[in-house]
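**Student:** predicted model follows, preceded by the sequence.
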Amino acid sequence: MTLDDLDTPTLVIDEVVARQNLERMAARAKARGFALRPHTKTHKTPYWARAQAALGSSGLTVAKLGEADVMVAAGFLDLLIAYPIIGPQKQRHLARLIQAGLRPTVSLDSREAADSLEQVGQMTDSVIGVLVEVDSGFHRCGLPPGPAVADLARYVESLPHLRWDGLMVFGGHMSRERDPVVLRRLVHEEDEVVGTLVATLRSSDLSPRIVSTGGTPQAACMDEIQHATELRPGTYIYNDVATVRSGAAAWEDCAATVLATVVSRPDPRWAVVDAGSKALSSDGHPDGGHGAIVGRPDLVVTRLSEEHGILEERAGGQVDLAIGERIRIVPNHVCTAVAQHDAAWLIGADGALTVLPIAGRGRVR
Ligand SMILES: Cc1ncc(COP(=O)(O)O)c(C=O)c1O
């Protein structure tokens, strides 16, 4: 079977490239003395979690308890849940996972979330590790790097079923950076903020055992990181337009593409393919476009509707694709693209195609 035999649109993963990406990151993190706790939100599969574990990852990261269900069922019991546990449904869900053997660490940024997690500890008669999340500029979750961090760490320590393990930062704004020099500077600046915070905590008798920092762009600049103990990259397994544009990866490092077929040529200036936002996701990029077409830098996906992608020539000329021709598109944001598909096709080193179920797909709770 070859790619020509596959129905489209479909997600295709180059296994050799993905393995190289995993191996390179594992080797670099090991050489620099960082624990590696890959975020599974990108691949969402026990298949790749096993490969990451075989390469020495210290555990895995998930965002959602539904993703944790998939990983726990596959035997991964050391998970960072990088998300606060809020509400009785989540409390009962986490309790069930702990009863099934999960040893979670949970990130949080409020007393409310700490109280909620304490109740889970009570329900399961267990002690749960906590990382206090600190905002390093993404302005999503996380306390500002000031006295509130120490206050919350002390509060966590005062609760009998929680253990304060340290800090988590996620500079998600760096994912959209387009200048590798600026990226390096941002990683350095984040590290300085973290270093100052850790020194302040230490001076008030709070020593974080874990300082977990995130992301593929940050990990690409790990030489700039002095004050974290752990890295949580996710996108690095497949890479995408955003990681390439940030300088964190090269086009050859992009392992995941959406295979699409040209279905209509209503005008010489554009071609229509069968991959729309339901195959590629609608995540944009500051440089514009909805993905990069493999081998065709002259073309750009200018528009998406749910089931259609519109391809145009960058310079505004005529598009030379015929109806029935196939193209491969590197998504802007591979994590949300993968999450559109129940399964991917893995192309092995020998060119053989096998199905890779995306078991964590749809696990948004
Ligand atoms: C908390 C957290 N950690 C780590 C990551 C992984 O980052 P990246 O996708 O840049 O590898 C993410 C991505 O969304 C995240 O939200």
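**Tutor:** Now that the structure is in, tell me what you want to look at. Numbering: from 1, shown residues only.
**Student:** ok, stretch 128-148 near the ligand or not?
**Tutor:** No - Stretch 128-148 lies apart from the ligand when judged by CB under 6 Å from any ligand atom; the minimum separation is 8.0 Å. Using the backbone N, CA and C atoms, a C-beta is placed for each residue, glycine as well.
**Student:** quick check: buried residues in that stretch?
**Tutor:** Residues of stretch 128-148 classed as buried: 128-138, 141-143, 145 (neighbour count, 16 or more other CB atoms under 10 Å).
**Student:** could you identify the most distant pair in the residues you listed?
**Tutor:** Using CB to CB, the pair of the buried residues of stretch 128-148 lying farthest apart is I128 and G137, separated by 27.8 Å.
**Student:** all strands of the stretch 101-250 of the chain, in order?
**Tutor:** Here the stretch 101-250 of the chain has its strands, by DSSP state E, counting those that start in this stretch, at 103-108, 128-134, 162-169, 210-214, 230-232.
**Student:** I'd like those strands as TSV, with mean pLDDT and distance to A279 appended.
**Tutor:** Shown next, in TSV, are these (pLDDT from 0 to 100; distance: least, CB to CB, whole Å):
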stretch	mean pLDDT	distance to A279
strand 103-108	98	32
strand 128-134	98	33
strand 162-169	98	32
strand 210-214	96	27
strand 230-232	98	27
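**Student:** okay, how far is it across stretch 211-221, tip to tip?
**Tutor:** End-to-end distance of stretch 211-221 (CA to CA, to the nearest Å): 16 Å.
**Student:** if you could redo that for stretch 114-134, that was the one I meant.
**Tutor:** Counting by CA to CA, the terminal residues of stretch 114-134 are separated by 15 Å.
**Student:** and if you look at stretch 66-79?
**Tutor:** 12 Å.
**Student:** state the distance from the residue in the stretch 251-365 of the chain that the ligand sits nearest to to Q218.
**Tutor:** As assessed by CB to the nearest ligand atom, the ligand sits closest to C335 within the stretch 251-365 of the chain, at 6.1 Å. According to CB to CB, to the nearest Å, C335 and Q218 sit 16 Å apart.
**Student:** those two: which has the busier surroundings?
**Tutor:** Q218 (28 against 23; other CB atoms under 10 Å).
**Student:** thought the more buried one was touching E189?
**Tutor:** No - under the criterion of CB atoms under 8 Å, Q218 makes no contact with E189, lying 11.5 Å away.
**Student:** which parts of this structure sit against the ligand?
**Tutor:** Checking the chain against the ligand by CB under 6 Å from any ligand atom, the hits are 39, 61, 82, 170, 172, 175, 214-217, 232-236.
**Student:** distance of the spatially most central residue of the chain relative to H227?
**Tutor:** In the chain, the residue lying closest to the centroid (CA atoms, centre = their mean) is G234, at 3.5 Å. Separation of G234 from H227 (CB to CB) stands at 21 Å.
**Student:** I am finished for the moment; much appreciated.
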